[in-house]
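**Q** what shape does this take:
(2 chains)
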Protein chains: 2
Amino acid sequence: MSLLIKQVLLNNELVDIYIEKNIFLAIKPKLSLSADTVIDGSRFAILPAFYNMHTHSAMTLMRGYADDIELHSWLEDHIWPLESKLVEEHVYHGTRLAALEMIKSGTVFFNDMYFFPYGTAKAADEMGMRADIAPVLVDGMDASRSDEMIAYAQEAIDHSNDYSSRVRFAVSPHAIYTVSADTLIKSAELARKEKLPYQIHISESKTEVKTSLKQFGLRPVQYLESLGVLGPNVTAVHCLHLDDTDRKILKERGVTIAHCPASNMKLSSGHFDYAKTKAAGIKMVVATDGACSNNNLSMLEEMKIASLREKAYSGDPTVLPAQTIYDMATVNAAKAAGLNAGRIEKGMLADCLLINLDHPTLVPSGHLISDMVYSANPECIDTVICDGNILLQNRKVKNEEEIIKCANEAYLDLIKK
Amino acid sequence: MSLLIKQVLLNNELVDIYIEKNIFLAIKPKLSLSADTVIDGSRFAILPAFYNMHTHSAMTLMRGYADDIELHSWLEDHIWPLESKLVEEHVYHGTRLAALEMIKSGTVFFNDMYFFPYGTAKAADEMGMRADIAPVLVDGMDASRSDEMIAYAQEAIDHSNDYSSRVRFAVSPHAIYTVSADTLIKSAELARKEKLPYQIHISESKTEVKTSLKQFGLRPVQYLESLGVLGPNVTAVHCLHLDDTDRKILKERGVTIAHCPASNMKLSSGHFDYAKTKAAGIKMVVATDGACSNNNLSMLEEMKIASLREKAYSGDPTVLPAQTIYDMATVNAAKAAGLNAGRIEKGMLADCLLINLDHPTLVPSGHLISDMVYSANPECIDTVICDGNILLQNRKVKNEEEIIKCANEAYLDLIKK
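**A** The predicted structure is shown next:
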């Protein structure tokens, strides 16, 4: 299968781009090649697509369900009771809705942590996206459930071949306050043995840090370090309440931090210290978190909110400039996911966006990355290509109406249970 | 001219809505009326449109021109030099672009402060929007230019009848550090005499407060109070650095504060104290500021950023909930502009949005205002009606291509000058 994009704007230059199977094979001002599918790129610029390094995709079903509520009540009185009624079918329909929304806002990969991973995997696969999908491990701090947890994770990994190679199962304990030390240690060993990514929420709230100090005599990062969990395969989500020692450890272990500013702000979780994290040399990406605490999955919005929050918080309007945050949402995130992707370059995985340069938010022309970060909305994305396949064209995804209908039905089923 | 919207969702109820000329004349579950134009509302919800109480619309031409730059360099090395080359034609094309963007994101009114007001007025009128347009008064603190300033403002007011009644000229000195006391006093008198709105930037930066204390021995608000400027026709833009006395004065004088969070955050101008402003009982609206410091004119984004910023800043996830911020962007803003609008009610001006409930960001259905604030993007707005006229339908505005083309040309002309 081959795809030729003719005369598209790449870094201020018009080029032809030839994709064979799932790889950018040739990028030149003029190519004399034919292809199975040809796209006229003359109205478009081509840009890297987005890689969303932290979400709970099926939580789209809970979008708007419990907003403007205090954190503990949000979880205990609203979200957890609803989640307790979930079945795989809900997760499947919720993830299809999430994938639809992500594709329409330019995202081709998501790093998921949730219940019923087969529902998520089936949806991601059918929708043509890339995904690392981790069944969330929660043993309620009961070490006797550790083997059960690891068996649950292992089972998913053993099912990897049931899906396209775009979809991979990964390992993910929820957090240090919901998962026993035994499960944390064994799940980290499992991820290392299977060479898989590992994600965990770390230091999302002050309460987490306080409890950790009381229970383990260590701050969350230092506790995980003492258990031997941290390594280059780890994505540490949030990391709002770190000290210098925490940052030194995360740097030394090659951990990537997934910064989720919209969720952190909406839940009043605390301030991410970008300046200190950057100074410490820690790898950083930006991610949306779930739709329940955001409430959308748009990486465009996430980039803007990340940059504006940082400028406001630091008092310095020059920090986290457009290209830096764009890289955090694209090439840096792809790298963290172990993908040879995130740049429009020969030999890289054929993931990209075709941007409609005549969209009002991108006019006047000439400052595309700035406009994408500070001005654009999803409507400016005409086409999304993932792994050499066209997932969105002329703003349309296959079966949109059916996906929406099923998601609404799944929600009604969930709340009436 | 009449318009009938059939079976549209209004506050969870299906209704028929009949508009005659520019007024909602009848709203009932079933109406047996015919109309010049009939819209099938069955896929839509109807909501109030947005009223943007502070912008410099033609600055769309400078979108992305100078981002991630320190404030003084931003103004002195980039924006002011470019603005010095502006002619009316640029402002006309910049405002048409702004109007296109505003209509496509659901805004029907803008409160403008800029140069070449006739360019702005012509564009607003042609595009079918409502606008209060103030020629910005800047005398460089030279009181001898005061009469010239007032003559400039008066001339615009005298031209009001050249345009539709949707468009009105207003009075607007730029700020206390660019306009002499004489001009501030006389312009306030002019606005009162003509019964017109008056807008001015107040306390946008710490420097402004420091300079005011040094130069006038008073904080900005107290200085303006000493000049007799403040009253219920005044929109005070920004108001980031207030003390309790400032707030007491703004409350007593019935001033409305236009809060512009995206611009304040992007320029690192300081933190707006929503809690204290609310406690003081001051009227508040939310606005986008110009596209140069935002960098778009979407009130949807502004609502989300306002609410998230407040939750993060205060540490309280319950503050500035969805309905409150939606009101600040709609009915409260319309009231501040002196318009009998901002609600879908019999007798009110026929301004409204038809929202596509099948847009992924609004699914699952059932939490429309939350979804509009925290999740929606402009693409979910199918139709915009202003003053009984359809400005947007099926996401299309008349002459979009030509507006975009002319805006790009105007920008190229401006930067090559």
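
**Q** which of the residues in stretch A:264-276 are buried?
**A** For stretch A:264-276, a neighbour-count test (16 or more other CB atoms under 10 Å in any protein chain shown) marks A:N264, A:M265, A:K266, A:L267, A:S268, A:S269, A:G270, A:H271, A:F272, A:D273, A:Y274 as buried. Glycine gets a C-beta too; all of them are placed from N, C-alpha and C.

**Q** and the nearest residue to A:L230 once chain neighbours are set aside, how many neighbours does it have?
**A** Using CB to CB, 6 or more residues apart in numbering or on different chains and skipping the chain neighbours, the partner closest in space to A:L230 is A:R253 (4.0 Å). For A:R253, the neighbour count with other CB atoms under 10 Å in any protein chain shown is 19.

**Q** contacts with chain B among the buried residues of stretch A:264-276, please.
**A** Here is what survives when these are matched to chain B using CB under 8 Å from any CB of the partner chain: A:N264, A:M265, A:K266, A:L267, A:S268, A:H271.

**Q** distance of A:M53 relative to chain B?
**A** 20 Å (CB to the nearest CB, to the nearest Å).

**Q** shouldn't that residue be in contact with A:K335?
**A** No - checked against CB atoms under 8 Å, the pair A:M53 and A:K335 is beyond contact range at 10.4 Å.

**Q** between the two, which one's more packed in?
**A** Counting neighbours by other CB under 10 Å for A:M53 and for A:K335 shows that A:M53 has the greater number, 31 against 18.

**Q** residues in contact with whichever helix or strand that one is part of?
**A** Using DSSP states H and E, A:M53 falls within strand A:50-55. With contacts defined as CB atoms under 8 Å, 6 or more residues apart in numbering or on different chains, strand A:50-55 is touched by A:98, A:102, A:105-113, A:130, A:199, A:235, A:237, A:256, A:258, A:260, A:285-291, A:297, A:299-300, A:329-330, A:333-334, A:336-337, A:339, A:341-342.

**Q** give me the neighbour count for A:K210.
**A** 12.

**Q** how close does it sit to chain B?
**A** 15 Å.

**Q** just the element for that residue, please.
**A** helix A:206-216.

**Q** how far does the helix or strand of chain A with the lowest mean pLDDT sit from the chain's center?
**A** One helix or strand of chain A scores below all others by mean pLDDT, DSSP states H and E: helix A:71-73, with a mean of 83. The chain centroid and the centroid of helix A:71-73 are separated by 24 Å, computed with CA atoms, centre = their mean, to the nearest Å.

**Q** again, but for stretch A:1-19
**A** The answer for stretch A:1-19 is 27 Å, by CA atoms, centre = their mean.

**Q** end to end on that stretch, go ahead and measure it.
**A** Separation of the first and last residues of stretch A:1-19 by CA to CA, to the nearest Å is 8 Å.

**Q** now swap in stretch A:373-387 and tell me
**A** So stretch A:373-387: terminal residues 24 Å apart, CA to CA.

**Q** quick one: the strands in the stretch 101-250 of chain A?
**A** A:107-114, A:130-137, A:167-169, A:172-173, A:198-202, A:234-238 (DSSP state E, counting those that start in this stretch).

**Q** same list (those) but as CSV, adding mean neighbour count, distance to A:E70 and mean pLDDT.
**A** Listed next are those as CSV, based on neighbours: other CB atoms under 10 Å in any protein chain shown; distance: least, CB to CB, whole Å; pLDDT from 0 to 100:
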stretch, mean neighbour count, distance to A:E70, mean pLDDT
strand A:107-114, 28, 23, 98
strand A:130-137, 27, 23, 98
strand A:167-169, 23, 35, 98
strand A:172-173, 28, 26, 98
strand A:198-202, 27, 19, 98
strand A:234-238, 26, 18, 98
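
**Q** tell me which of the ones you listed lies nearest to chain B.
**A** strand A:107-114 (12.4 Å; CB to the nearest CB).

**Q** what about the closest one and chain B, any contact?
**A** No - counting by CB under 8 Å from any CB, chain B has no neighbours in strand A:107-114; the shortest distance is 12.4 Å.

**Q** now that strand, how far from the chain's geometric center?
**A** That offset, for strand A:107-114, works out to 5 Å (CA atoms, centre = their mean).

**Q** swap in stretch A:261-278?
**A** Using CA atoms, centre = their mean, the offset of stretch A:261-278 from its chain centre is 16 Å.

**Q** now swap in stretch A:25-36 and tell me
**A** 32 Å.

**Q** same question, stretch A:206-225
**A** Centre to centre, stretch against its chain (CA atoms, centre = their mean), the figure for stretch A:206-225 is 26 Å.

**Q** ok so, going back, of the buried residues of stretch A:264-276, just say which sits nearest to A:M348.
**A** When the buried residues of stretch A:264-276 are compared for distance to A:M348 (CB to CB), A:Y274 wins out at 27.6 Å.

**Q** can you tell me how far the closest one is from chain B?
**A** Distance from A:Y274 to chain B, by CB to the nearest CB: 13 Å.

**Q** so that residue sits against A:T324, correct?
**A** No - judged on CB under 8 Å, A:Y274 makes no contact with A:T324 at a distance of 9.9 Å.

**Q** where does A:Y326 sit: helix, strand or coil?
**A** Using DSSP: H, G, I helix; E, B strand; the rest coil, the structure places A:Y326 in helix.

**Q** before we move on, the earlier item: can you confirm whether the least confident helix or strand of chain A lies near chain B?
**A** Yes - using CB under 8 Å from any CB, helix A:71-73 reaches chain B at A:L71.

**Q** mind listing what's buried in that helix?
**A** A:L71.

**Q** just checking, next helix/strand downstream of it?
**A** Next helix or strand after helix A:71-73 toward the C-terminus (DSSP H and E): helix A:80-83.

**Q** for A:E401, the count of nearby residues, please.
**A** Neighbour tally, A:E401, other CB under 10 Å: 8.

**Q** direction included, what does the helix or strand hosting A:L14 pair up with?
**A** In this structure, A:L14 sits in strand A:13-20 according to DSSP H and E. Sheet pairing of strand A:13-20 (DSSP bridges) gives strand A:2-10 (antiparallel), strand A:23-28 (antiparallel).

**Q** circling back to that earlier point, which helices and strands does the helix holding A:K210 pack with?
**A** The contact analysis (3 or more CB pairs under 8 Å, 6 or more residues apart in numbering or on different chains; DSSP states H and E) places helix A:206-216 against helix A:220-226.

**Q** what are the contacting residues of the helix it packs on?
**A** Under the criterion CB under 8 Å, 6+ apart, residues A:176, A:184, A:200, A:202-203, A:208-209, A:212, A:216, A:218, A:230, A:236, A:239, A:242, A:245-246, A:249-250, A:253 lie in contact with helix A:220-226.

**Q** out of those, which end up buried?
**A** Buried among the contacts of helix A:220-226 (16+ other CB under 10 Å): A:176, A:184, A:200, A:202-203, A:208-209, A:212, A:216, A:218, A:230, A:236, A:239, A:242, A:246, A:249-250, A:253.

**Q** now the strand holding A:L14: buried residues?
**A** Applying 16+ other CB under 10 Å to strand A:13-20 flags A:V15, A:D16, A:I17, A:Y18, A:I19, A:E20 as buried.

**Q** list the contacts of the third one.
**A** Translated: A:I17. A:L4, A:I5, A:V8, A:L10, A:F24, A:A26, A:I27, A:L31, A:G41, A:I46, A:I344.

**Q** in the stretch 101-250 of chain A, what residue lies closest to chain B?
**A** Counting by CB to the nearest CB, the stretch 101-250 of chain A gets nearest to chain B through A:E101 (4.2 Å).

**Q** next: the stretch 51-200 of chain A.
**A** Nearest residue of the stretch 51-200 of chain A to chain B, counting by CB to the nearest CB: A:G64, 3.1 Å away.

**Q** looking at this, that residue is in a helix?
**A** No - with three-state DSSP as the criterion, A:G64 is coil rather than part of a helix.

**Q** spatially nearest residue to it (excluding sequence neighbours)?
**A** In space, A:G64 is closest to B:H367, 3.1 Å off (CB to CB, 6+ apart).
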